[in-house]
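S.K.: got a predicted structure plus its sequence, pasted below:
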Amino acid sequence: MYQILNWHQMLQLFLNKLNLKPATLAVLIQASAFCFVLSFAWIIKAQSLWAFDSVSIWYLLILVLMHATLAVWFANIVNMAKWWRWIHFFFPLAVWVMSQWHIPSIFYLLGFLLSLSLYWTTFRTQVPFFPSTPKIWQQVLTLIPPRPSMRIIDIGSGFGGMSMYIEKNRPDCLVDGIEIAPLPWLISKLRAKFKHSKVDFKIGDYRLLDFASYDLIFAYLSPAAMSDLWLKAQAQMPPGALLVSYEFEIENVEPTEVIQAGNNEKKLYVWKI
């Protein structure tokens with residue numbers, strides 16, 4: 001038992017030194033599981049130990065389940081988040097099911113391009129596309145002080161729903177949105193033009209922004225981004241400004257206020273600089 005634990009610790013230490021991003025680690029895990037299963041299938045075929053025909057659907061299904069189980073085991077060893085383990089399990093199953101449907105390759109290309117336009121920066125930023133809901137917009141609206149000309153920005157503005165809602169209900173405020181993924185940004189620009197909204201939607205990385213000009217910053221990012229966001233907010237936001245995060249807390253930083261937006265909603269966390 002000691003040897004197994006020690007091996008786990010050595011592997012985690014090695015991966016920590018490599019400083020792999022979760023997406024890179026996930027690809028490595030899937031590739032490793034695939035190689036193990038491929039080696040197993042080759043040994044079984046060489047030794048003629050398998051009763052099924054090598055091309056039967058049951059044979060392939062068992063290999064896919066082995067792949068999925070191994071991937072989850074590897075993810076558990078390297079201590080990936082639980083939701084990553086679900087992805088590791090269902091990914092090979094989904095690939096196998098889709099291959100059985102004989103879907104034309106053009107649909108895979110279209111799906112890839114659509115995913116790329118939504119999530120192409122997730123690999124680098126570790127912030128996937130998370131749309132917020134109208135209940136959250138309403139709560140954020142109540143946090144804006146009654147002073148005119150307040151500067152507000154939604155970082156990771158997605159399709160622009162919240163930014164345009166704030167601008168519509170507080171036309172005295174200057175509202176910006178910034179989105180790094182091209183498709184949501186383009187949709188938000190078109191929606192703003194169609195609705196005659198004054199929101200300035202920018203495409204780019206919020207980490208390159210100067211937070212000093214904003215009185216309220218709303219973020220719906222991911223746990224991986226919160227620590228850096230807090231350091232940037234502390235360094236650049238003016239005293240009295242508000243940093244608002246939906247769902248994700250800042251580790252070891254007590255929020256000024258916590259708001260339950262609704263029965264089926266996560267919490268809003270508010271920090272006053």
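M.R.: In hand now; what should we look at?
S.K.: so, low pLDDT: which residues of the stretch 151-273 of the chain?
M.R.: 262-264 (pLDDT under 70).
S.K.: can you give me the strands in it?
M.R.: Assigned by DSSP state E, counting those that start in this stretch, the strands in the stretch 151-273 of the chain fall at 151-155, 174-179, 200-203, 216-219, 242-246, 257-260, 267-272.
S.K.: tell me how far the second one is from the chain's mean position?
M.R.: Its chain's C-alpha centre lies 20 Å from the corresponding centre of strand 174-179 when counted by C-alpha atoms, centre = their mean, to the nearest Å.
S.K.: and stretch 247-265, how far apart are its ends?
M.R.: End-to-end distance for stretch 247-265, by C-alpha to C-alpha, to the nearest Å: 9 Å.
S.K.: can you tell me what sits against it?
M.R.: Stretch 247-265 is contacted from outside by 130, 133, 135-136, 138-139, 219-223, 225-227, 229-230, 246, 266-272, using C-beta atoms under 8 Å, 6 or more residues apart in numbering. No exception for glycine: its C-beta is placed from N, CA and C like everyone else's.
S.K.: gap between stretch 27-41 and the chain center?
M.R.: Relative to its chain's centre, stretch 27-41 lies at 25 Å (C-alpha atoms, centre = their mean).
S.K.: also stretch 80-91?
M.R.: 13 Å.
S.K.: now it: buried residues?
M.R.: Using 16 or more other C-beta atoms under 10 Å as the test for burial, stretch 80-91 gives 80, 84-85, 87-89, 91.
S.K.: what do you get for stretch 93-111?
M.R.: Trp96.
S.K.: and what of stretch 67-81?
M.R.: By 16+ other C-beta under 10 Å, the buried positions in stretch 67-81 come out as 67-68, 70-72, 74-75, 78, 80.
S.K.: ditto for stretch 239-258
M.R.: Within stretch 239-258, the residues scored as buried using 16+ other C-beta under 10 Å are 241-248, 250, 255.
S.K.: out of those residues, which is nearest to Val199?
M.R.: Comparing the buried residues of stretch 239-258 against Val199 with C-beta to C-beta places Val244 closest, at 17.0 Å.
S.K.: what about the closest residue to that closest one other than its chain neighbours, how many neighbours?
M.R.: Sequence neighbours aside, Phe218 is the residue nearest to Val244 in space, at 4.8 Å (criterion: C-beta to C-beta, 6 or more residues apart in numbering). Here the number of neighbours of Phe218 (other C-beta atoms under 10 Å) works out to 26.
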